[in-house]
Every structure is written in C-alpha cells, then in structure tokens.
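Novice: Below are the sequence and a predicted model; questions follow.
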Amino acid sequence: MKIIGLILSTLCLAGVASAATTLKIATITPEGSQWMQDMRASADAIRDRTEGRVIIKYYGGGSQGTDSQVLSRIRIGALQGGVFTPSAIMEKYGDIGLYGLPMVFDSVAEAGFVRSRLDSKIASGLEAAGFVTFGFAATGFAMIMSNEPVDELTDLKGKRVWVPEGDSISKATMDALSVTPIPLPLTDVYTALQTGALDIIGMSPVGAVILQYHTKLKYVTDVPLIYTIGFMAIDKKAFDKIAAVDQQVMRQVMSELYNEYDVLNLEDDDEAKQALFSAGMKRVTLDAARLAEIRSVLHTSNEQMVGRGVVSAAMYEEMMGYVEQYRSEQATIAASETITEAQ
C-alpha cells in the first residue's frame with residue numbers, strides 16, 4: 001500500500017508540474033533598472049499565488065531583438081508576449097495608436113481624463129485582435145530633441161527625424177511637417193545619433209534619460225508633441241491555456257503593477273526633464289503663433305489619417321469629444337474662480 005501511495009503521489013506531482021505554464025516575455029527595459037526589478041517581483045507574486053502554475057520569465061535589455069522580431073517569435077511560440085509601445089501592434093489593431101496622434105492632448109491631466117473613459121475600450125479591442133493586456137502606463141509627452149534649436153516649422157524642413165519602425169502615425173506626422181522620416185528600431189537609435197545619421201528624435205524625457213539619448217543631443221523643444229504609453233501584450237492563445245482562477249491572479253497582479261507605473265512614470269518623467277537641463281540641454285519654447293501653426297498642420301494630418309483608416313473614425317471622434325468636454329469643464333472652472341476672485 002505504501003508503494004502504491006508513493007506511485008500515486010508521484011503521478012499527482014507530475015500532473016501538477018505538467019499543468020504549469022511558462023510565459024516568456026521580451027522587453028527593452030534595461031536589466032537592473034527599477035522597472036525590471038518591479039516586473040520580476042510581480043512574476044514572483046504570480047508564481048507564489050498560483051502555487052507555481054504560472055511562471056513568467058522576462059528577457060530584458062532588448063535581448064530578443066526589435067519589436068517586429070519579438071512579434072515573429074510570439075507567432076511561432078518561442079515567446080508568449082512582450083512589452084511594447086503602440087506602434088508595434090498597430091498592424092494588428094490600429095486604435096492602439098489613438099493616444100499617439102500628435103498634439104491631441106495639452107496636458108497629462110487632459111490625457112488622464114480621456115483615458116479614464118477610453119482605456120478599457122481600447123484594451124478590449126486589443127484582446128479581440130489577439131493580445132491580452134493589463135493596462136497602459138503613461139511615459140510622458142514625447143518632445144522634439146535636436147542638435148539645432150527648433151522653434152518653428154521651417155527649422156524642421158529637410159531634417160532627418162527618427163520614427164519607430166512600422167509606426168504609420170509617426171511617419172505621416174513627419175511627412176506633414178516636411179521632414180525626412182528615418183524608420184529605425186529603438187535599439188538602433190543611439191548609434192544613429194552617435195554617427196550623425198539622425199538630426200532629430202521625438203522622445204519623452206524619461207525615455208531619453210534611460211536610453212542615454214540625451215547625451216547625443218543639445219536642445220529640447222518644450223511642447224507636448226505626442227502622448228506616449230507602454231503596455232504588456234500577451235498572446236491570447238497562450239493566455240487562454242491558463243486556468244481561469246490563475247488568469248484572474250495574473251490580471252490582478254499585473255493591473256496593479258501597471259496602475260503603479262502609470263503614476264510613477266509621470267513623476268519620473270518630470271524628474272527626467274529636469275535632468276535633461278541639468279545635463280546641459282537647452283530648452284526651446286514656441287510663441288503662441290508658431291505653436292498654433294504647428295498644431296494646425298498636425299490637426300489636418302490627424303484628420304487625414306482618420307480618413308485613411310489608420311485609426312477608426314468612431315474612436316477618434318469619441319476621443320476628441322472627451323477632449324472638448326474636459327476643456328469646456330476647465331474653462332467653466334476657471335471662469336468661476338475669476339468671478340470669485342473679483343468678488
């Protein structure tokens with residue numbers, strides 16, 4: 001009986017082991033960074049709370065290649081997910097790039113107001129396209145960073161500007177501004193700046209500092225050009241193989257992590273902006289007339305992209321409706337405060 005019991009116990013343990021799911025996830029997040037430490041801590045929490053049934057292995061520092069290479073590896077099952085910016089997934093789901101349309105938002109608060117109404121809808125659309133996500137983490141506004149000051153449209157003409165590989169929104173934006181878009185994966189940008197193959201990049205301060213791009217640039221045009229986000233995307237077929245109770249654990253742990261990132265990243269971005277100036281980069285500001293000119297050009301470009309179906313018209317109109325709602329509410333608040341002060 002003891003022998004039979006031992007055999008049965010062994011078979012049960014083998015069954016548990018065979019039921020374990022390992023998710024291999026690629027990210028450009030540098031090894032040793034606080035972000036990577038937090039991601040590994042979340043993996044430990046998921047492993048413990050699922051009693052070892054879900055194992056997450058992160059491959060950091062861009063070791064799995066460019067976004068397109070990571071997606072290819074996901075397709076063949078060598079990886080089950082990655083940490084991306086919207087441009088990487090737009091071929092699968094165009095509306096993931098909605099927030100990245102240029103000069104849609106004037107502030108982080110305005111973007112937050114819109115996101116509180118649209119994030120869940122965008123996440124559902126992404127899942128319908130085959131990827132499970134756990135929320136979006138803001139990384140601040142991409143700004144124009146250059147080696148010559150840029151304070152009007154004519155300063156941009158003919159310049160070589162980096163656009164993320166496969167990013168149709170950034171390419172259309174650069175075309176509208178009459179600059180030469182240079183598509184490159186994120187992993188190649190530092191070298192291109194070092195060799196002079198690029199004149200300008202659009203990057204959030206925190207991204208520029210972490211990736212050390214700021215060491216190769218001299219000026220920052222302080223305009224909220226593009227609102228940037230990052231997110232994790234897991235192949236839905238791989239996620240669906242996980243037991244429902246363990247899916248719930250993973251969604252809870254990862255959603256908490258991305259909610260935390262969404263707050264901390266913006267704090268880091270403010271600090272990073274100051275770090276740019278402390279490192280010697282010079283701030284360039286635009287007067288109201290020049291800013292209005294650029295905004296008009298980019299608004300036209302956005303409308304054209306909607307017309308071509310880069311993002312859906314319905315989602316774009318809903319987003320812009322929330323933008324107008326926020327601005328109207330803020331104008332009412334400001335007017336009320338003015339009246340109160342006058343009294």
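Specialist: Nice, thanks for sending it over. Numbers count the residues shown, from 1 in each chain.

Novice: Please verify my assumption that Ala78 contacts Ala26.
Specialist: No. Using C-beta atoms under 8 Å as the test, Ala78 is too far from Ala26 to be in contact (9.7 Å). C-beta: built from backbone N, CA, C; applies to glycine.

Novice: Run through who's touching stretch 171-180.
Specialist: Residues outside stretch 171-180 that contact it (C-beta atoms under 8 Å, 6 or more residues apart in numbering) are 102, 153, 156-161, 163, 181, 183, 200, 226, 294, 297-298, 300-301, 304-305, 310.

Novice: and it, which residues are buried?
Specialist: Neighbour-count burial for stretch 171-180 flags 171-174, 176-177, 179-180 (criterion: 16 or more other C-beta atoms under 10 Å).

Novice: returning to that earlier point: compare Ala78 and Ala26 (neighbour count), which wins?
Specialist: Counted by other C-beta atoms under 10 Å, Ala78 and Ala26 do not tie: Ala26 has more neighbours, with 27 against 12.

Novice: Per-residue confidence, the residue lying closest to that one once chain neighbours are set aside, what does it come out as?
Specialist: Leaving aside its sequence neighbours, Ala26 sits nearest to Gln64 (C-beta to C-beta, 6 or more residues apart in numbering; 3.7 Å). If you check Gln64, the pLDDT there is 94.

Novice: just the strands in the stretch 101-250 of the chain please.
Specialist: Secondary structure of the stretch 101-250 of the chain (DSSP state E, counting those that start in this stretch): strands at 131-132, 137-146, 160-164, 180-184, 200-203, 219-235.

Novice: Which neighbours in the sheet does the first one have, and how are they oriented?
Specialist: Put plainly, it is strand 131-132. If you go by DSSP bridges, strand 131-132 pairs up with strand 219-235 (antiparallel).

Novice: Mind checking the pLDDT average for the strand it pairs with?
Specialist: Average pLDDT, strand 219-235: 94.

Novice: same check, this time on stretch 292-304
Specialist: Mean predicted confidence for stretch 292-304 is 93.

Novice: And the contacts of it?
Specialist: Applying C-beta under 8 Å, 6+ apart, the contact partners of stretch 292-304 are 101-104, 152-153, 172-173, 175-177, 223, 286, 316.

Novice: go with 7 Å
Specialist: Residues external to stretch 292-304 that are found in contact with it (C-beta atoms under 7 Å, 6 or more residues apart in numbering): 101-103, 153, 172-173, 176-177.

Novice: Turn these into a markdown table, columns for pLDDT.
Specialist: Compiled in a markdown table, these are given as follows (pLDDT from 0 to 100):
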| residue | pLDDT |
| --- | --- |
| Leu101 | 95 |
| Pro102 | 94 |
| Met103 | 94 |
| Leu153 | 86 |
| Ala172 | 88 |
| Thr173 | 87 |
| Ala176 | 87 |
| Leu177 | 85 |
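
Novice: Those: which two are farthest apart?
Specialist: Using C-beta to C-beta, those span at most 18.3 Å, a distance reached by Leu101 and Leu153.

Novice: What's the local residue count around Val189?
Specialist: Quick note: Val189 (other C-beta under 10 Å) scores 22 neighbours.

Novice: ok, for it, nearest residue in space, not its chain neighbours?
Specialist: Nearest residue to Val189, sequence neighbours excluded (C-beta to C-beta, 6+ apart): Trp162, at 5.7 Å.

Novice: surely Ile182 meets Arg160?
Specialist: Yes. Between Ile182 and Arg160 there is a contact under C-beta atoms under 7 Å: 5.1 Å.

Novice: if we take the contacts of stretch 292-304, which one ends up nearest to Lys57?
Specialist: Distance to Lys57, by C-beta to C-beta, is smallest for Leu101 among those, at 34.7 Å.

Novice: and the closest one, what does it touch?
Specialist: The contact partners of Leu101, by C-beta under 7 Å, 6+ apart, come to 169, 302.

Novice: next one: Ile169
Specialist: 97, 100-101, 305, 310.

Novice: one more time with 6 Å
Specialist: 97, 100 (C-beta atoms under 6 Å, 6 or more residues apart in numbering).

Novice: circling back to that earlier point, doesn't the residue nearest to Ala26 belong to a helix?
Specialist: No. Counting by DSSP: H, G, I helix; E, B strand; the rest coil, Gln64 falls outside a helix, being coil.

Novice: what's the spacing between it and Ser170?
Specialist: For Gln64, the distance to Ser170 (C-beta to C-beta, to the nearest Å) stands at 23 Å.

Novice: more crowded one of those two?
Specialist: Ser170 (23 against 20).

Novice: how close does the closest residue in space to that one that isn't next to it in sequence get to Ala192?
Specialist: In space, and not counting its chain neighbours, Ser170 is closest to Val163: 3.8 Å by C-beta to C-beta, 6+ apart. As judged by C-beta to C-beta, Val163 and Ala192 stand 12 Å apart.

Novice: burial of the residue nearest to Val189, as a residue count?
Specialist: Look at Trp162: counted by other C-beta under 10 Å, it has 26 neighbours.

Novice: Many thanks, I have nothing further to ask.
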